[in-house]
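A.B. asks: Any chance you can model this:
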Amino acid sequence: MSAFFGPGGNSDAFRRAGFSSTLDAPRWVSEIGLDAYEYEAGNGLAAGSAMLSEVGRRAREYGISMSFHTPYFISLSGIDPEKRLKSIGYIRQSLDAAHLLGAKTIVVHTGSAAKITRDEAMRLAADTLVRTLGEVDTYGIKIGLETMGKKNQLGTLDEVLELCRIDSAFVPVVDFGHLNARDCGSVFNSADDYMRVFDKISSALGGEIAENLHCHFSKIEWTDAGEKRHLTFADEIYGPSFEPLIEAIVKHGLSPTLISESAGTQSDDALSMKQLYKSLLGE
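C.D. replies: Okay, the predicted model is just below:
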């Protein structure tokens with residue numbers, strides 16, 4: 001059993017340490033005691049092939065498990081056919097970048113269900129994903145479909161699992177903060193609550209996928225509409241708490257990758273999760 005912990009993108013602590021380039025991220029992440037890193041391209045991919053290759057080389061050198069977050073403007077369920085099918089090109093670009101980085105997973109937002117029914121949104125998303133597999137080279141990289149935090153977004157756990165059944169190239173990316181915010185903070189109060197997620201994934205897609213899940217974790221402020229904004233572990237109001245999640249991981253011998261998406265403190269908060277993990281293992 002070996003869980004991985006790391007930040008999504010470069011934290012405030014990374015910049016306070018005097019760094020500004022993601023080229024320095026693998027070494028810095030390793031030196032502070034973490035072992036994963038998610039390259040953030042939510043606003044679009046600006047880096048060229050040479051830089052991505054070098055980040056990937058350094059990640060291998062320092063033993064950092066890489067993943068890649070695709071642009072937020074991907075819309076698997078978009079109602080404009082031209083815009084929706086442009087998403088295939090963005091996914092292709094993301095897979096090419098992830099290949100250079102040595103990433104195992106890319107993370108994709110599943111889309112909106114604000115102006116159409118959820119059934120129609122699912123039909124469109126499924127069509128986009130089927131077309132994607134016919135047009136791109138995945139390089140063996142998993143296309144991770146993320147659970148989402150706003151109620152008008154496609155991306156409940158059940159919806160993500162249904163889309164993942166299309167092909168083994170698709171895997172769930174569980175954002176526990178999103179799931180908690182979507183249900184207004186009522187989801188995760190104990191280790192058993194977290195295990196229900198892993199168990200549902202195991203039943204739907206198999207034990208290996210559940211045991212090696214790629215996850216996001218942060219505390220998230222929510223409203224009646226779901227997710228409002230990402231917080232830090234200093235929050236004592238919205239949650240969810242990470243301690244029961246780590247307890248579940250250790251108790252059941254799981255090996256997930258946990259990427260912290262806290263607001264600026266993602267490396268500090270990833271380290272807090274890893275330190276608890278190691279202490280529960282007796283290390």
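A.B. asks: Which parts of the chain are helices?
C.D. replies: Secondary structure of the chain (DSSP state H): helices at 12-16, 25-31, 49-62, 81-101, 118-135, 157-164, 176-182, 191-205, 207-211, 243-251, 266-280.
A.B. asks: Quote the end-to-end distance of stretch 74-86.
C.D. replies: Using Cα to Cα, to the nearest Å, the end-to-end distance of stretch 74-86 comes out at 8 Å.
A.B. asks: got a list of contacts for it?
C.D. replies: Stretch 74-86 has contacts (Cβ atoms under 8 Å, 6 or more residues apart in numbering) with 87, 90-91, 108-113, 115-116, 120-122, 124-125, 128-129, 131, 154. For the C-beta atoms, the positions are set from N, CA and C on the backbone; glycine is no exception.
A.B. asks: Can you select the buried ones among the residues you listed for me in PyMOL?
C.D. replies: Here is the PyMOL selection string for the buried members of the contacts of stretch 74-86, based on 16 or more other Cβ atoms under 10 Å:
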select buried, resi 87+90+91+108+109+110+111+112+113+116+121+122+124+125+128+129+154
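A.B. asks: coming back round to it: now distance to Gly226 and mean pLDDT too, for the helices of the chain, in JSON lines please.
C.D. replies: Below are those laid out as JSON lines (distance: least, Cβ to Cβ, whole Å; pLDDT from 0 to 100):
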{"stretch": "helix 12-16", "distance to Gly226": "26", "mean pLDDT": "98"}
{"stretch": "helix 25-31", "distance to Gly226": "30", "mean pLDDT": "98"}
{"stretch": "helix 49-62", "distance to Gly226": "33", "mean pLDDT": "98"}
{"stretch": "helix 81-101", "distance to Gly226": "22", "mean pLDDT": "96"}
{"stretch": "helix 118-135", "distance to Gly226": "14", "mean pLDDT": "97"}
{"stretch": "helix 157-164", "distance to Gly226": "14", "mean pLDDT": "98"}
{"stretch": "helix 176-182", "distance to Gly226": "5", "mean pLDDT": "97"}
{"stretch": "helix 191-205", "distance to Gly226": "17", "mean pLDDT": "98"}
{"stretch": "helix 207-211", "distance to Gly226": "25", "mean pLDDT": "98"}
{"stretch": "helix 243-251", "distance to Gly226": "20", "mean pLDDT": "98"}
{"stretch": "helix 266-280", "distance to Gly226": "21", "mean pLDDT": "98"}
